[in-house]
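Novice: Dropping a prediction and its sequence here:
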Amino acid sequence: MAAVIDVQLLRDDPDLVRRSQDARGNDPATVDAALEADRVRRESIRAYETLRAEQNARSKEIGRTPKEERQALLDEVKELSERVKAAQAAVAEAEAAFTAAAESIENLVIEGVPAGGEENFTVVKHVGEKPVFDFEPRDHLKLGELLGAIDMARGAKVSGARFDYLRGVGARLELAVMQLGLQKALDNGFVMLTPPTLVKPEIMHGTGFLGEHADEVYHLERQNLYLTGTSEVALAGYHADEIIDVTEPLRYVGWSTCYRSEAGSAGKDTRGIIRVHQFNKVEMFVYIDPAEAEAEHERLLQWQEEMMAALELHYRVIDTAAGDLGSSAARKYDIEAWVPTQDAYRELTSTSNCTTYQARRLNIRARGDEGRTAPVATLNGTIATTRWLVALLETHQRADGSVVVPEALRPHLGGLDVLEPVQP
RNA sequence: GGAGAGAUGGCCGAGUGGUCGAAGGCACUCGCUUGCUAAGCGAGCGUACGGUGAAAAGCUGUACCGAGGGUUCAAAUCCCUCUCUCUCCGCCA
């Protein structure tokens, strides 16, 4: 059974864990429940093992005992084996109870992360200037339609609401953004993976997406497989149940389609491709020594910011509040780009430091100096995704409905420097 | 989809009910040795959880031979289910 939390830490410093739960808006009493369950669990293990040891010892005697003397011993051990069975059942029960209790404790938030819910984020910085227009800017869908780049109506016809076709320059623009992101990752030593987008329950569970976000996840009942909402899932599963070497961080970049059911978001972002059931994403994923995780997190953010700069977007960086982290993340930075027609910053990237939470649940360890194994840290971050088209189109639009292609994307569009309307 | 074979420690590979956590080999680690291109000799060498420790040291217990369940006093060994791999046939984007 994979450990769901650091039991040692739970026993040694329960207050720390209580504070973390509190910052997330979770009930700190979950910590005490887990401690008690741990105590019961250990007690039952001890009782079982003592009995089992005796049974083993007596059983071995049977083999050495002459036939005529065996029967008495047999009767005795038979009775013992009944008690062992009962004790074993008690252990299974106690283990399950402990796991259940421990599951309600989410990853320990990092010192400095703002407490509270979604609205309690802190703004780390603003970069660039809001674009100004001497005309009424069109929203991304209007632009997409003018350019023959986005077709929501046919998406809905074929697959339903929140599905779209990218078309013509739209499809090419998405690919260009993806290519640019991939190149950025490759330049920094990432190894590219195109991962499966259907995964087994234990992998989905291990990454923490079956917690609060369970209803966001597509599940294929017949095959009992989950469609991933990000390649993070399969990238985290890549080294599941392995002992790996993280003397140097293992950096992977995954390119995949992502599926999200967007349950409970009815009425929200219904226009355009801001929030759809299916999109594409290039995702960075890192396995690293836990001591290096926070520094790596800053690096991931840095690379994401370099992408924003390359695409000439105005953005801000926020440090997400504890209550809005999701179960796995210990800290999360989002880059939100300015979307002119919404008069708002919208999330374009997200990077999470999951510390040892996912690695613990997926049983991914590294060997330390003493030869001991310990869970590694995992981090992830967006380096390109379809949603970026929204900010790109709106930011770089011109009065006639054309859109200027940022310098950095042109090589990936065959030199195209302006996207021109295909219809008046 | 049909038929068959298989799954044992980092790798190879023994082992068909008790003394097997598992022979042997390779690889690796440590030590010794050797003037001949690297060999020889000795020792060590899995993981997890529990107990006892200040201890991630040591000692000790339990579990693990693809996974789960069963039979038995006792299972790597017997039975059932599942997963995966390989071979052949069929089908197919």
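Specialist: All right, it came through fine. Numbers count the residues shown, from 1 in each chain, chains lettered A, B, ... in the order given.
Novice: can I assume A:Val124 is in contact with A:Thr320?
Specialist: No: using CB atoms under 8 Å, A:Val124 is not in contact with A:Thr320, being 10.4 Å away. To be clear about C-beta, it is placed using only N, CA and C from the backbone, and glycine gets the same treatment.
Novice: So for those two, which residue has more residues nearby?
Specialist: More neighbours surround A:Thr320 than the other of A:Val124 and A:Thr320, with 22 against 14 (other CB atoms under 10 Å).
Novice: so what's that one up against?
Specialist: By CB atoms under 8 Å, 6 or more residues apart in numbering, A:Thr320 lies in contact with A:Val113, A:Pro114, A:Phe121, A:Ala329, A:Arg331, A:Lys332, A:Tyr333, A:Asp334.
Novice: mind putting those in CSV, pLDDT and secondary structure included?
Specialist: Shown next, in CSV, are the contacts of A:Thr320 (pLDDT from 0 to 100; DSSP: H, G, I helix; E, B strand; the rest coil):
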residue, pLDDT, secondary structure
A:Val113, 96, coil
A:Pro114, 96, coil
A:Phe121, 96, coil
A:Ala329, 95, coil
A:Arg331, 97, strand
A:Lys332, 97, strand
A:Tyr333, 98, strand
A:Asp334, 97, strand
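Novice: before we move on, the earlier item: quickly list what's touching both of A:Val124 and A:Thr320.
Specialist: With CB under 8 Å, 6+ apart as the test, A:Val124 and A:Thr320 both reach A:Tyr333.
Novice: rewinding a little: just name the closest of the contacts of A:Thr320 to A:Glu312, please.
Specialist: A:Asp334 (19.4 Å; CB to CB).
Novice: give me the beta-bridge partners of the closest one?
Specialist: A:Ile318, A:Ser350 (DSSP bridges).
Novice: Give me the neighbour count for A:Ser59.
Specialist: 14.
Novice: For it, report the pLDDT, please.
Specialist: For A:Ser59, the pLDDT comes out at 85.
Novice: In contact with it, which residues are there?
Specialist: A:Val77.
Novice: show me what contacts the residue nearest the centre of chain A?
Specialist: Centroid check for chain A by CA atoms, centre = their mean gives A:Glu232 as the closest residue, at 5.4 Å. Contact analysis of A:Glu232 by CB under 8 Å, 6+ apart lists A:Thr207, A:Gly254, A:Glu283, A:Phe285, A:Asn380.
Novice: go again using 6 Å as the cut-off
Specialist: Residues near A:Glu232 by CB atoms under 6 Å, 6 or more residues apart in numbering: A:Glu283, A:Asn380.
Novice: Tell me how far it lies from A:Leu311.
Specialist: Distance of A:Glu232 to A:Leu311, computed by CB to CB, to the nearest Å: 22 Å.
Novice: what's the model's confidence in stretch A:245-262, averaged?
Specialist: 93.
Novice: Just the CA atoms of that stretch, as PDB, please.
Specialist: Coordinates of each C-alpha in stretch A:245-262 appear next as PDB, following Å, rounded to 0.1, in the frame of the first residue of the first chain:
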ATOM      1  CA  ASP A 245      18.200   8.600  -9.800                       C
ATOM      2  CA  VAL A 246      17.600  12.300  -9.400                       C
ATOM      3  CA  THR A 247      21.200  13.400  -8.900                       C
ATOM      4  CA  GLU A 248      20.300  15.500 -11.900                       C
ATOM      5  CA  PRO A 249      16.600  16.400 -12.200                       C
ATOM      6  CA  LEU A 250      14.600  14.300 -14.700                       C
ATOM      7  CA  ARG A 251      12.800  16.800 -17.000                       C
ATOM      8  CA  TYR A 252      10.100  15.600 -19.400                       C
ATOM      9  CA  VAL A 253       7.900  17.600 -21.700                       C
ATOM     10  CA  GLY A 254       4.600  16.000 -22.700                       C
ATOM     11  CA  TRP A 255       2.500  16.900 -25.700                       C
ATOM     12  CA  SER A 256      -1.000  15.700 -25.500                       C
ATOM     13  CA  THR A 257      -4.700  16.400 -25.900                       C
ATOM     14  CA  CYS A 258      -6.400  17.100 -22.700                       C
ATOM     15  CA  TYR A 259     -10.000  16.300 -21.700                       C
ATOM     16  CA  ARG A 260     -12.000  18.100 -19.000                       C
ATOM     17  CA  SER A 261     -15.700  17.600 -18.400                       C
ATOM     18  CA  GLU A 262     -16.100  21.100 -17.000                       C
END
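Novice: tell me which residues in it are buried?
Specialist: Judged by neighbour count (16 or more other CB atoms under 10 Å), stretch A:245-262 contains these buried residues: A:246, A:249-256, A:258-262.
Novice: Show me what the strand or helix carrying A:Arg18 is in contact with.
Specialist: Following DSSP states H and E, one finds A:Arg18 within helix A:14-23. Outside helix A:14-23, the residues within contact range by CB under 6 Å, 6+ apart are A:Leu10, A:Pro28, A:Thr30, A:Val31, A:Leu108, A:Val109, A:Ala115, A:Ala322.
Novice: Kindly recompute the last result at 8 Å.
Specialist: Applying CB under 8 Å, 6+ apart, the contact partners of helix A:14-23 are A:5, A:9-10, A:27-28, A:30-32, A:35, A:105-109, A:113, A:115-116, A:322-323.
Novice: Which of those residues fall within helices?
Specialist: Counting by DSSP state H, the contacts of helix A:14-23 place A:Leu9, A:Leu10, A:Thr30, A:Val31, A:Asp32, A:Leu35 in helices.
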